[in-house]
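> Structure for the following, please:
(one chain, ligands or ions: 1)
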Amino acid sequence: MEIAWRLAAKFWSKGYATEAAKAVLNYALTELNIPEIFSFTAVANTKSQRVMEKIGLHHSDDDDFDHPKLDKNSPLSRHVIYRLTDEEYLEMMNHI
Ligand SMILES: CC(C)(COP(=O)(O)OP(=O)(O)OC[C@H]1O[C@@H](n2cnc3c(N)ncnc32)[C@H](O)[C@@H]1OP(=O)(O)O)[C@@H](O)C(=O)NCCC(=O)NCCS
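Residues are numbered from 1 along each chain as shown. Got it, this is the predicted structure:
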């Protein structure tokens, strides 16, 4: 199950994406009981990756992939995956 976000530019950098994503992540893992949440984006989209990091998802180089619908030479081709399991989430919440 993927978590994703898109806001109109005039609302960027106010913390809205992070605040909303935290609420969705909590709902997905504790109410819907989804065992693991993923989020992915282009390597160049560091702003979106920052949201992933701030809500507690983690990245491994081993998961990186070339998006199958993009030309391999596109600067947007290479993608990163961030992820978090329900157990990791509960552990994280116990330390806040
Ligand atoms: C990604 C997106 C949802 C972020 O929304 P947002 O409301 O600006 O996010 P937040 O304000 O919650 O957090 C943004 C974080 O990125 C950081 N940031 C801002 N500009 C940045 C940049 N150019 N590079 C890296 N980080 C950046 C901010 O400083 C903030 O981190 P901080 O709290 O540690 O300072 C928004 O930029 C967007 O809609 N982009 C277009 C759609 C998109 O790319 N969606 C993701 C597709 S995978």
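
> Spell out which residues of this structure are next to the ligand.
The chain comes close to the ligand at residues 4-7, 12-18, 41, 45-48, 50-51, as judged by Cβ under 6 Å from any ligand atom. From N, CA and C alone the C-beta is placed, and that goes for glycine too.

> mind running it again at 8 Å?
4-9, 11-19, 21, 39-42, 45-51, 54 (Cβ under 8 Å from any ligand atom).

> Just the buried ones from these?
By neighbour count, with 16 or more other Cβ atoms under 10 Å, these hold Ala17, Ala21, Ser39, Phe40, Thr41, Ala42, Ser48, Gln49, Val51 as buried.

> got the residues you listed as TSV, with distance to Val80 and secondary structure columns?
Below are these laid out as TSV (distance: Cβ to Cβ, whole Å; DSSP: H, G, I helix; E, B strand; the rest coil):
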residue	distance to Val80	secondary structure
Ala17	17	helix
Ala21	16	helix
Ser39	9	strand
Phe40	6	strand
Thr41	7	strand
Ala42	8	strand
Ser48	10	helix
Gln49	7	helix
Val51	13	helix
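
> Identify the farthest-apart pair in the residues you listed.
Greatest spatial distance among those (Cβ to Cβ): Ala21 and Ala42, at 17.7 Å.

> Tell me how far the residue of the chain most remote from its centre lies from the ligand.
Largest separation from the mean C-alpha position in the chain: Asn73, at 24.1 Å (Cα atoms, centre = their mean). From Asn73 across to the ligand, the span is 20 Å (Cβ to the nearest ligand atom, to the nearest Å).

> Give me the secondary structure label for that residue.
Three-state call for Asn73 (DSSP: H, G, I helix; E, B strand; the rest coil): coil.

> List of residues touching the helix or strand containing Arg83?
In this assignment (DSSP states H and E), Arg83 forms part of strand 78-85. Strand 78-85 is contacted from outside by 25, 29, 35-43, 49, 52-53, 56-60, 63-67, 92, using Cβ atoms under 8 Å, 6 or more residues apart in numbering.
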